[in-house]
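Colleague: The following block contains a protein sequence and its predicted model.
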Amino acid sequence: SQQGEEDPQALSIQEGENATMNCSYKTSINNLQWYRQNSGRGLVHLILIRSNEREKHSGRLRVTLDTSKKSSSLLITASRAADTASYFCASRSNDYKLSFGAGTTVTVRA
Amino acid sequence: DGGITQSPKYLFRKEGQNVTLSCEQNLNHDAMYWYRQDPGQGLRLIYYSQIVNDFQKGDIAEGYSVSREKKESFPLTVTSAQKNPTAFYLCASSNRDEQYFGPGTRLTVT
């Protein structure tokens, strides 16, 4: 069963704007990861945040984690047309398995 | 798509036929996974293997079978018992936390 839920389901922004998407999960986690999927392709790992971390940055990506609320957010700053994709959060408990959310589809308009 | 290959990219089968999807990795990863993705949804885990000659059922294993005879290979068979096999199938591998995905196989059963 899917553990995560993502919000919003879809997001349309102008190039240069920031995009924020949220993820909630249900059980205790070891870490939470974000992936990107371009249409019809495989997923690409973006960033991982561990349960003892609250914020992490990677280039134009900023991830936060609030374990008390069982939620995470992904911020993409200064968006580009190439950021158009679906973004998935995936939570990992104390095993090798990941539980994926349903994803947020981001469209960046030129 | 890293060092994971899936073939073929598109596959068409008649109802009642078994079909095997290929997944090969050259990343020397111990763990491999099979996911199913339906339109507008996240990934659901079918089977996973943490080591050669061992594998476990995921959340939706009914109607599927796998083998792990070699570290590099983790083929998935979609049997005629799978009631709704038309979907996008993704294979992944990992050594620790992040997973590396193949490009996917889109299976259509008519």
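Modeller: Okay, I see it.

Colleague: Nearest to chain A: which residue in chain B?
Modeller: Nearest residue of chain B to chain A, counting by Cβ to the nearest Cβ: residue B:101, 3.5 Å away. The way it works is simple: take the backbone N, C-alpha and C, and place the C-beta from them, glycine included.

Colleague: Now do the contacts for residue 43.
Modeller: Unless you meant another one, I'm taking chain A. Each residue near residue A:43 by Cβ atoms under 8 Å, 6 or more residues apart in numbering or on different chains is listed here: A:35, A:36, A:37, A:88, B:43, B:90, B:92, B:99, B:101.

Colleague: that answer is for a different chain, and I need it for chain B
Modeller: Going by Cβ under 8 Å, 6+ apart, residue B:43 touches A:43, A:88, A:90, A:100, B:35, B:36, B:37, B:90.

Colleague: Quick check: nearest residue in space to the fifth one, chain neighbours excluded?
Modeller: This means residue B:35. residue B:43 (4.0 Å; Cβ to Cβ, 6 or more residues apart in numbering or on different chains).

Colleague: partners of the residue of chain B closest to chain A in the sheet?
Modeller: residue B:92 (DSSP bridges).

Colleague: what bridges to residue B:34?
Modeller: residue B:47, residue B:91.

Colleague: Local confidence estimate at it?
Modeller: Looking at residue B:34, its pLDDT reads 98.

Colleague: Looks like it contacts residue B:91 (just checking).
Modeller: Yes. Under the criterion of Cβ atoms under 8 Å, residue B:34 makes contact with residue B:91 at 5.7 Å.

Colleague: Overlap of the contact sets of these two?
Modeller: Common neighbours of residue B:34 and residue B:91 (Cβ under 8 Å, 6+ apart) are B:21, B:23, B:74, B:76.
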